[in-house]
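Engineer: need a 3D model of the following:
(3 chains)
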Amino acid sequence: MHAEAVLEVLNYVGIVAFAVSGALKAGEKNMDLLGVITLGFSTALAGGIIRDVLLGRVPPVNLIYLPYSLTAVAASVATFILYPRVRSYKDLFLYPDAVGLGAFSAIGADVAASFALKHGYSASESWFLVAALASITAAGGGVVRDVLAGEIPQILRREIYATAAAVGGIIYLATLPAGREAAMFTTIASVTAIRIVSLWRRWEL
Amino acid sequence: MHAEAVLEVLNYVGIVAFAVSGALKAGEKNMDLLGVITLGFSTALAGGIIRDVLLGRVPPVNLIYLPYSLTAVAASVATFILYPRVRSYKDLFLYPDAVGLGAFSAIGADVAASFALKHGYSASESWFLVAALASITAAGGGVVRDVLAGEIPQILRREIYATAAAVGGIIYLATLPAGREAAMFTTIASVTAIRIVSLWRRWEL
Amino acid sequence: MHAEAVLEVLNYVGIVAFAVSGALKAGEKNMDLLGVITLGFSTALAGGIIRDVLLGRVPPVNLIYLPYSLTAVAASVATFILYPRVRSYKDLFLYPDAVGLGAFSAIGADVAASFALKHGYSASESWFLVAALASITAAGGGVVRDVLAGEIPQILRREIYATAAAVGGIIYLATLPAGREAAMFTTIASVTAIRIVSLWRRWEL
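Structural biologist: Below you'll find the model as predicted:
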């Protein structure tokens, strides 16, 4: 119960940080409010939507579960209103963004692994799917953001973002024998740490 | 029966107007016939295809129901053949385009709301899904068109297009207690009116 | 049995050639290893993934069947390592690429036609779906590659690539009465021939 609440908090940290990143990109491109909401929403939730579509989980949870949708919309609108201020503190959001990367990677891995198990795939058959969907859940929204902004996706040029999320999928599977919660927290901690260290060492900035 | 026929006519108005808009964009970019058909088809029908995929309705109606597919292809080919003439009357298509926006918004809302009802979601749970899918049905094709043409989607820069379609989803739900047909016609009239007034007042051109 | 083995070999020829084409495009854009793998993987396998999503076949075979995924990843990594050499022999890959176009077109048509048959659609109802999915299976990956590379998709500008694959879908249906294997080999031979002749005659280069 307590563990679930912590997971959910980390998930919301990710939704807000990702939505801010999308809304800032829209601001850079002089988009209107709809563009800001669309890019904020997509950055935060499109990765999970793509994951759900690839697994046939419809309607995607990010479209039907209002607390997720409305958090992403609210964070986008807030960024629109406070644009100059949020923009000047942009670098501060790299830390909650790293937490979100970890949380989304763990959630994506958990959803994909549960799906694979339920459909009779062993871990040795499904590890690529799990790693791919961990990465898509965490980094797919950023790809959608950049394509909609008319740019080449950043993650294809700097290596340690989506790769960290894919590694998270493997870490999840490797630690799953210790239980789902343990696997998810290990994944979040590892992915967030990889991302923050890579930021410090400027591995990709 | 009569109402259904009117709805279907408005739907075809939208398919033709949207396909022309996609085919003209392909012409601007010097695409070949395949590019013209692809952009015309996508502008007219990709929004509905994305809606159907998000709801698990496969194969999407726009891919399997030949009258829709072939209307979009025929309108694209006609635009290709008559390119200079169609191009010079481009502004005339803004009116059937506005009708199409209304019709597609109403159809998207109707499909999403029926799906939500069938799967046990109440209107207070599903309103975001209904608004999102009304907007995606009506404006998603234009996003695909612009991405394939290497441009930032227009609707992210001018507010009253996709927003009108999303508002249409809410209008549909609000008027649904008066019956599905009443809800659809109210939605079409409202969205078309919002769009045309916004054109007149240059709210986004 | 023998026929199936030949089909599978042609399929792998396509996966490798398409992955090389994606990896080379990523190299041109100075992407990192993740970008090279993503573009290689997408070029080879995204068309089939989109086809499967449009038909509700989840998880898509290209994400769960490891020999396909890992072949695409391995070909991308090999291209990354041997980049200058592979790049200088780029034109040589146009021939296996043409074979892949044929194989993917035939496989896409086969999957779509089997689906349509199973769901009670006649050939006269489903021919557009079959042609569209043959084309998407074969040319959809190249569209994803170009969009991720920030370019207007090549196939929308030069006609004989995706069009050949769509024609393949019709050839498949026309020859299906002679049996599935005959239909697939006729499709592969025809599409590959159309593509190679169009290369020779510079119909689209």
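Engineer: distance between the ends of stretch A:112-128?
Structural biologist: One end of stretch A:112-128 sits 10 Å from the other (Cα to Cα, to the nearest Å).
Engineer: what residue lies at the spatial centre of chain A?
Structural biologist: Nearest to the centroid of the C-alpha atoms of chain A, with distances taken as Cα atoms, centre = their mean, sits A:Ala138, at 2.9 Å.
Engineer: what strand or helix carries it?
Structural biologist: Element membership for A:Ala138, per DSSP states H and E: helix A:123-148.
Engineer: I'd like the next helix or strand past that helix.
Structural biologist: Next helix or strand after helix A:123-148 toward the C-terminus (DSSP H and E): helix A:162-175.
Engineer: one step back: the residue nearest to the centre of chain A against A:Gly108, yeah?
Structural biologist: Yes. Under the criterion of Cβ atoms under 8 Å, A:Ala138 makes contact with A:Gly108 at 6.2 Å. No exception for glycine: its C-beta is placed from N, CA and C like everyone else's.
Engineer: what sits in contact with each of those two?
Structural biologist: Residues touching both A:Ala138 and A:Gly108 (Cβ atoms under 8 Å, 6 or more residues apart in numbering or on different chains) are A:47, A:165.
Engineer: tell me the pLDDT at A:Asp146?
Structural biologist: What the model reports as pLDDT for A:Asp146 is 97.
Engineer: can you get me a residue count around it?
Structural biologist: 22 (other Cβ atoms under 10 Å in any protein chain shown).
Engineer: again with A:Gly47
Structural biologist: Using other Cβ under 10 Å, A:Gly47 has 30 other residues around it.
Engineer: swap in A:Ala123?
Structural biologist: 14.
Engineer: likewise for A:Ala193?
Structural biologist: 13.
Engineer: what's the distance between it and A:Gly102?
Structural biologist: Distance from A:Ala193 to A:Gly102, counting by Cβ to Cβ, to the nearest Å: 8 Å.
Engineer: cool, A:Ala131 as well?
Structural biologist: From A:Ala131 to A:Gly102 the distance is 15 Å (Cβ to Cβ).
Engineer: of the two, who's got more company?
Structural biologist: Between A:Ala131 and A:Gly102, counted using other Cβ under 10 Å, the more crowded position is A:Gly102 (28 against 25).
Engineer: and the pLDDT at that one?
Structural biologist: Looking at A:Gly102, the pLDDT reads 97.
Engineer: up against chain B, what does chain A have?
Structural biologist: A:26, A:29-35, A:38-39, A:49, A:53, A:56, A:58-60, A:63-64, A:66, A:69-70, A:147-150 (Cβ under 8 Å from any Cβ of the partner chain).
Engineer: can you count the residues close to the residue lying closest to A:Arg180 once chain neighbours are set aside?
Structural biologist: Spatial nearest neighbour of A:Arg180, chain neighbours left out: A:Asp110 (6.6 Å); criterion: Cβ to Cβ, 6 or more residues apart in numbering or on different chains. The number of residues packed near A:Asp110 is 23, by other Cβ under 10 Å.
Engineer: tell me the secondary structure at A:Asp110.
Structural biologist: Recorded secondary structure, A:Asp110: helix (DSSP: H, G, I helix; E, B strand; the rest coil).
Engineer: check contacts around A:Thr187.
Structural biologist: A:102, A:105-106, A:109, A:134, A:168-169, A:171-172, A:175.
Engineer: among those residues, who's most crowded?
Structural biologist: Of these, with other Cβ under 10 Å as the count, A:Ser105 tops at 37 neighbours.
Engineer: any idea which residue of chain A lies closest to chain C?
Structural biologist: Residue nearest to chain C within chain A (Cβ to the nearest Cβ): A:Leu156, separated by 3.3 Å.
Engineer: so that residue sits against C:Ala23, correct?
Structural biologist: No. Counting by Cβ under 8 Å, A:Leu156 does not reach C:Ala23; the two are 11.8 Å apart.
Engineer: the more surrounded of the two?
Structural biologist: Between A:Leu156 and C:Ala23, counting by other Cβ under 10 Å, C:Ala23 is the more crowded of the two (33 against 26).
Engineer: test my guess that the more buried one contacts C:Gly40.
Structural biologist: Yes. At 4.0 Å, C:Ala23 and C:Gly40 qualify as touching, with contact defined as Cβ under 8 Å.
Engineer: now for these two: what residues contact both?
Structural biologist: C:75-76, C:79.
Engineer: as a markdown table, those residues with secondary structure, neighbour count and pLDDT would be great.
Structural biologist: Shown next, in a markdown table, are these (DSSP: H, G, I helix; E, B strand; the rest coil; neighbours: other Cβ atoms under 10 Å in any protein chain shown; pLDDT from 0 to 100):
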| residue | secondary structure | neighbour count | pLDDT |
| --- | --- | --- | --- |
| C:Ala75 | helix | 26 | 98 |
| C:Ser76 | helix | 28 | 98 |
| C:Thr79 | helix | 26 | 96 |
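Engineer: closest one of these to B:Ser122?
Structural biologist: Proximity of the shared contacts of C:Ala23 and C:Gly40 to B:Ser122 (Cβ to Cβ) peaks at C:Ser76, which lies at 47.1 Å.
Engineer: what separates the residue in chain A that chain B sits nearest to from B:Tyr161, distance-wise?
Structural biologist: As assessed by Cβ to the nearest Cβ, chain B sits closest to A:Gly35 within chain A, at 3.3 Å. As judged by Cβ to Cβ, A:Gly35 and B:Tyr161 stand 11 Å apart.
Engineer: so what's in contact with these two at the same time?
Structural biologist: B:Ile155.
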